[in-house]
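1. Quick one: sequence plus predicted model below, questions after.
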Amino acid sequence: MCGIVGLYLKNPKLKPKLGKMFKPMLIEMTNRGPDSTGVAVYRNPVKKAQTKFSLAHDDANYDWKKIDVGLEKALKCDCTITKIDSHCILVTTGKEAAVIAWLKAHHPGVRVVGTGHTIEIFKETGLPAEVYDRFDLDEAQGTHIIGHTRMATESAVTTAGSHPFATGADLCLVHNGSLSNHNRLRENLRKEGMDFQTENDTEVAAAYMTWKLRGGATLKEALEDGLRDLDGFYTFLVGTADGFAVVRDPIACKHAVMAETDDWVAMATEYRAIAHLPGADTAKIWEPEPTIVYTWGGHA
Amino acid sequence: MNELDLHKVGVRGINSQLHSLPKNTNEKHWVIQNPKGQHSIAVGLDAPLQIDIRGHVGFYCGGMNSHAELTIHGHAGVGTAENMMSGVVWVKGNSSESAGATGNGGLLVIEGDASSRCGISMKGIDIVVGGSVGHMSAFMAQRGNLIVCGNAGDALGDSIYEARLYVKGKVASLGADCIEKEMRVEHLADLERLLKAAKRKEKPSDFRRYGSARKLYNFSVDHADAY
Amino acid sequence: MDKTPRTLPRKSATFDDYTLSEIRRAASTGIYDIRGAGAKRRLPHFDDLLFLGASISRYPLEGYREKCGTNVVLGTRFAKKPIELKIPITIAGMSFGSLSAQAKEALGRGATIAGTSTTTGDGGMTPEERGQSKTLVYQYLPSRYGMNPDDLRKADAIEIVIGQGAKPGGGGMLLGQKISDRVAAMRCLPKGIDQRSACRHPDWTGPDDLEIKIHELREITNWEKPIYVKIGGARPYYDVALAVKSGADVVVLDGMQGGTAATQEVFIEHVGQPTLACIRPAVRALQELGMHRKVQLIVSGGIRNGADVAKALALGVDAVSIGTAALVALGDNDPHYETEYNELGTTAGAYDDWHEGRDPAGITTQDPELAKRLDPVKAGRRLSNYLKVMTLEAQTIARANGKSHVHNLEPEDLCALTVEAAAMAQVPLAGTDWIPGRGGY
């Protein structure tokens, strides 16, 4: 159970203010999710030949240089690392699968939180205001941003159990609700080769999406198949390379609201998060209908 | 006319001020500025006050209202006027899920659309919606009138008891034990009265009536599929 | 004549007499069996635990002179007016509609004499109960039958019901026979129909939205009253943590032995955990959040005597609640009416078709002739006597374990007679150091 928020900028002039605009939205959802906070920000696109990784480690003093040096040597690739609190953004020409395999083999304590060309994911236990500051998100500039405040239901309050969950390159999923058949699904997805770090139901939904996308489905198809295969109550907000997607389950008990102006499109669990945005008072406001996949920002 | 700025005094400030007014107060008219989607604004009112809320409100605005007349100059969140006992709640914009939930009396007017579960478990409230209502509206509705000038979503009136539903537009589907019913003189009179109270231009003859088939009132194994 | 010896006729443990009768009944009617009361089958329970008592290392308190306190305060977290009870035993929520007005009045009288609270049920607050019960907890249920702000303001506490032990996830059922004029009016339902109650609240789902609902109820009542959240024995560790996170002052946890007015037999016996299994996980959730004794925990479901009270307290609860036991104290299932029970096809001690509204004791009925049989004043006295006995028993046990207040009882004062009880209560099997699950085995 949680709060989810998303902001997509239509007006490129607002890009430098992305983090500042988003902060009060996320903090407004604190009560819905006092356990942990997570943000996926889409910024600083890397070159076509490069991949960006969001990495995290429980040890605040972890020496990320090891990764930089080790990877360059092992995979004969270029790497740059930027440490931000307990996370690290790694940009590398190394192939994604090889990098992940190398990390798993040599540095199993490093968590791969996200991958892609623009996405950066930061998530930690703690209140939104604190987590936002720890990762300097106030200064973030970019095209769009997804956030989540977590109230854990049937799994532990850990960093690994926080949302967003990465579901593929530049893709991430946040969830408000509670699935009811995720345990069996997890077992089935394990057989299909998916890996899990937690007992969390949302991680299962994210893995399901990844599996569908790997099988050639479009995001829309994956979400629509999910409506059939995932049981329970959910509002999903999916971040994509150039926008986001929203879908609600057929029973639709978990509230969701969307708003749009000429400058931005926003989504939140409650309107009061959106109320902080400039122009919110006169924005077009509506609720997503159950079982319809809404997408913004280009092909999904 | 008194003004309250929610941004300054908070929801607690608003409610404690309004609750402190005696029933026969002369300070009847209050304007609330900067609601900014906050929850539980003007809940549990118990006096014939006139409240104008300038902006969008969050969940449960006007919850358990008695005697007061609230006007929301914007959109309303989940559970608007839930369990209202008497009085009026008027939403200029749209309302979210469960509008008028378990309402016992009074009038709820939504000029825009009303989302899913409008009038869920209603117990005597009258609801007039200028736009459309979403799925599962009037679920387990016991008593009262729900008038929809637009369309109704799936499963309208599922498990309905004795509430009366009137829809002008299309009904996507009817719920368990809900059927279309004959429109008689007394129904047209009710519609006329309520449409007038809601300042609607639609005519009673534009509407179709829906209500309980009463087949689920006493369990019969042949209707087990409905459960 | 054939003199070959035959084996004795043998009945099946799987297809026992009860099961055979139920299959026949189902085949005949086409509807599931509905009854009242809680789980009847044998379950690990407080009887499988024992107190250790006084010894050379631990000294008892003298009765009478050396006080053993029993008071409890509920709702200290947020409420302006927490509730103070003289004894750690409350009367659980039972509706007017499932019980007669006389029974509700009797409960109010008895609880007031004993210095504790009663709770309304699915149907609302009656003037009799508010009039007689000094401390009244008002239930806020999915159905919202009879819910109104005036009664909310008259209540001493508000109990948001998410579920109950007999049927975690079920709504309330009141079959046609019990919807009398008065009950029908209170619930805004036509008389004589089957009442189907919703299983979820109409305007919120989930602890994140419960938080907003709790806030609304506090705003309506100016933050005066403690807000309880009641849950059945489903996932107590997570449920209690979530109740705390959504802002509850008190959590009420009801195990499967907890009674109901009427629901499907299959629900009662096969959904929801035994009371004993729920307590340690619930207390652990509170302790991990630093909220033990700050958000109070009330447990119900099969509390019968002072030993049960003391054991529950020892495992970490702040108070217990009784429902079935209170009705028995009033006179439910009394052998005095055996002839009439036989006419109903049952016997004293087994009567549970309360939804049929023909209770000879006049307690679980709306029939005025039957209800008249219960004298509320006498019955109230019986209840207060019973509460007094339970309290004295709990004090006796507490003193024997060296405690000057019943809240100082702790798990280390207990041992278990069975492996199951040891595992559930997290106390050692008698005569050993073994707590199953601790230390890896």
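-> Cool, got the structure. Numbers count the residues shown, from 1 in each chain, chains lettered A, B, ... in the order given.
2. burial count for B:His19?
-> Residues within reach of B:His19, counting by other Cβ atoms under 10 Å in any protein chain shown, total 17. Backbone N, C-alpha and C define where each C-beta goes, glycine included.
3. just checking, it is part of a helix?
-> Yes: remark: B:His19 belongs to a helix, assigned using DSSP: H, G, I helix; E, B strand; the rest coil.
4. Correct me if wrong: it contacts B:Val43.
-> No: using Cβ atoms under 8 Å, B:His19 and B:Val43 do not qualify as a contacting pair, with a distance of 9.3 Å.
5. quick one: the residue of the stretch 301-441 of chain C found nearest chain B and chain A, what's the gap?
-> Nearest residue of the stretch 301-441 of chain C to chain B, counting by Cβ to the nearest Cβ: C:His355, 11.8 Å away. The gap separating C:His355 from chain A is 29 Å, by Cβ to the nearest Cβ, to the nearest Å.
6. Need the pLDDT of that residue.
-> Reported pLDDT at C:His355 in the predicted model: 83.
7. and if you look at B:Tyr227?
-> Predicted confidence (pLDDT) at B:Tyr227: the value is 61.
8. swap in A:Gly33?
-> 88.
9. Quick one: neighbours of the residue lying closest to it once chain neighbours are set aside, just the number.
-> Sequence neighbours aside, A:Thr149 is the residue nearest to A:Gly33 in space, at 2.8 Å (criterion: Cβ to Cβ, 6 or more residues apart in numbering or on different chains). Counted by other Cβ under 10 Å, the residues lying close to A:Thr149 total 31.
10. What is the three-state secondary structure of A:Thr149?
-> Here A:Thr149 is strand, with the state taken from three-state DSSP.
11. ok, now B:Glu192?
-> helix.
12. My guess is it contacts B:Glu202. True?
-> No: using Cβ under 8 Å as the test, B:Glu192 is too far from B:Glu202 to be in contact (10.4 Å).
13. These two - which one has more neighbours?
-> Legend: neighbour count by other Cβ under 10 Å for B:Glu192 and B:Glu202, higher for B:Glu202 (16 against 13).
14. Assumed that one was part of a helix.
-> No: looking at B:Glu202 with three-state DSSP, it is coil, so not inside a helix.
15. and it, what does it touch?
-> Shown in contact with B:Glu202 (Cβ atoms under 8 Å, 6 or more residues apart in numbering or on different chains): B:Cys149, B:Lys168, B:Leu195.
16. roughly how far apart are the second one and B:Val88?
-> The spacing between B:Lys168 and B:Val88, counted by Cβ to Cβ, to the nearest Å, is 22 Å.
17. likewise the first one?
-> With the distance defined as Cβ to Cβ, B:Cys149 ends up 18 Å from B:Val88.
18. Domain parsing of the chain, as residue ranges.
-> Picking chain A for this. Following automatic domain parsing, chain A resolves into domains at A:2-44+A:124-296, A:46-117.
19. Not quite, go with chain B.
-> According to automatic domain parsing, chain B comprises the domains B:1-96, B:121-217.
20. Can you tell me the SS state at the spatially most central residue of chain B?
-> With distances taken as Cα atoms, centre = their mean, the residue of chain B nearest its centroid is B:Gly100 (3.4 Å). Classification of B:Gly100 using three-state DSSP returns coil.
21. distance of it from B:Gly144?
-> As defined by Cβ to Cβ, B:Gly100 lies at a distance of 8 Å from B:Gly144.
22. Point out the most buried one among the domains of chain A.
-> domain A:2-44+A:124-296 (a mean of 21; mean count of other Cβ atoms under 10 Å in any protein chain shown).
23. okay if I get the domains of chain A as a markdown table plus distance to C:Val250?
-> Listed next are the domains of chain A as a markdown table, based on distance: least, Cβ to Cβ, whole Å:
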| stretch | distance to C:Val250 |
| --- | --- |
| domain A:2-44+A:124-296 | 20 |
| domain A:46-117 | 36 |
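24. which parts of the stretch 101-250 of chain C sit against chain B?
-> Residues of the stretch 101-250 of chain C lying close to chain B (Cβ under 8 Å from any Cβ of the partner chain) are C:143-144, C:147-149, C:152, C:175-176, C:187-190, C:193-194, C:196, C:198, C:202-204, C:209, C:212-213, C:215-216, C:219-223.
25. buried subset of these?
-> Neighbour counting over those (16 or more other Cβ atoms under 10 Å in any protein chain shown) leaves C:143-144, C:147-149, C:152, C:175-176, C:187-190, C:193-194, C:196, C:198, C:202-204, C:209, C:212-213, C:215-216, C:219-221, C:223 as the buried ones.
26. Intersect those with the contacts of chain A.
-> Near chain A, by the rule Cβ under 8 Å from any Cβ, you find C:Asp209 out of these.
27. Now, the buried ones among the residues of the stretch 101-250 of chain C next to chain B that are in helices?
-> Cross-referencing those against helices under DSSP state H gives C:Pro149, C:Leu152, C:Arg187, C:Asp209, C:Ile212, C:Lys213, C:His215, C:Glu216, C:Glu219, C:Ile220.
28. what's the farthest-apart pair in these?
-> For those, the farthest-apart pair by Cβ to Cβ is C:Arg187 and C:His215; their separation is 27.0 Å.
29. Double-check that A:Ala222 belongs to a helix.
-> Yes: counting by three-state DSSP, A:Ala222 is part of a helix.
30. and the gap between it and C:Asp33?
-> 44 Å.
31. How about A:Gly94?
-> The value you get for A:Gly94 to C:Asp33, if Cβ to Cβ is used, is 65 Å.
32. And for C:Lys245?
-> Distance, C:Lys245 to C:Asp33, using Cβ to Cβ: 38 Å.
33. neighbour-wise, which of the two wins?
-> Between C:Lys245 and C:Asp33, C:Lys245 has the larger neighbour count (other Cβ under 10 Å), namely 22 against 14.
34. Let me see the ranges of the helices in the stretch 51-200 of chain A.
-> Remark: helices assigned in the stretch 51-200 of chain A by DSSP state H, counting those that start in this stretch are A:65-75, A:96-106, A:128-134, A:182-191.
35. Now tabulate those helices in TSV and tack on mean pLDDT and distance to A:Thr282.
-> Output for the helices of the stretch 51-200 of chain A, formatted as TSV (pLDDT from 0 to 100; distance: least, Cβ to Cβ, whole Å):
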stretch	mean pLDDT	distance to A:Thr282
helix A:65-75	92	48
helix A:96-106	93	43
helix A:128-134	94	27
helix A:182-191	94	40
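36. Can you tell me which of those helices is nearest to chain C?
-> Using Cβ to the nearest Cβ as the measure, helix A:182-191 is the one of these that comes nearest chain C, at 13.0 Å.
37. Alpha carbons of the helix or strand following that closest one, as PDB, please.
-> Remark: after helix A:182-191, the chain's next helix or strand is helix A:201-214, criterion DSSP states H and E. Provided in PDB are the C-alpha atoms of helix A:201-214 (Å, rounded to 0.1, in the frame of the first residue of the first chain):
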ATOM      1  CA  ASP A 201       4.400  -8.700  -4.800                       C
ATOM      2  CA  THR A 202       5.400  -5.700  -6.900                       C
ATOM      3  CA  GLU A 203       8.700  -7.300  -7.800                       C
ATOM      4  CA  VAL A 204       6.600 -10.100  -9.300                       C
ATOM      5  CA  ALA A 205       4.600  -7.700 -11.400                       C
ATOM      6  CA  ALA A 206       7.700  -6.100 -12.600                       C
ATOM      7  CA  ALA A 207       9.300  -9.400 -13.500                       C
ATOM      8  CA  TYR A 208       6.100 -10.400 -15.300                       C
ATOM      9  CA  MET A 209       6.400  -7.300 -17.400                       C
ATOM     10  CA  THR A 210      10.000  -7.900 -18.100                       C
ATOM     11  CA  TRP A 211       9.300 -11.400 -19.200                       C
ATOM     12  CA  LYS A 212       6.500 -10.300 -21.500                       C
ATOM     13  CA  LEU A 213       8.600  -7.600 -23.000                       C
ATOM     14  CA  ARG A 214      11.500 -10.000 -23.600                       C
END
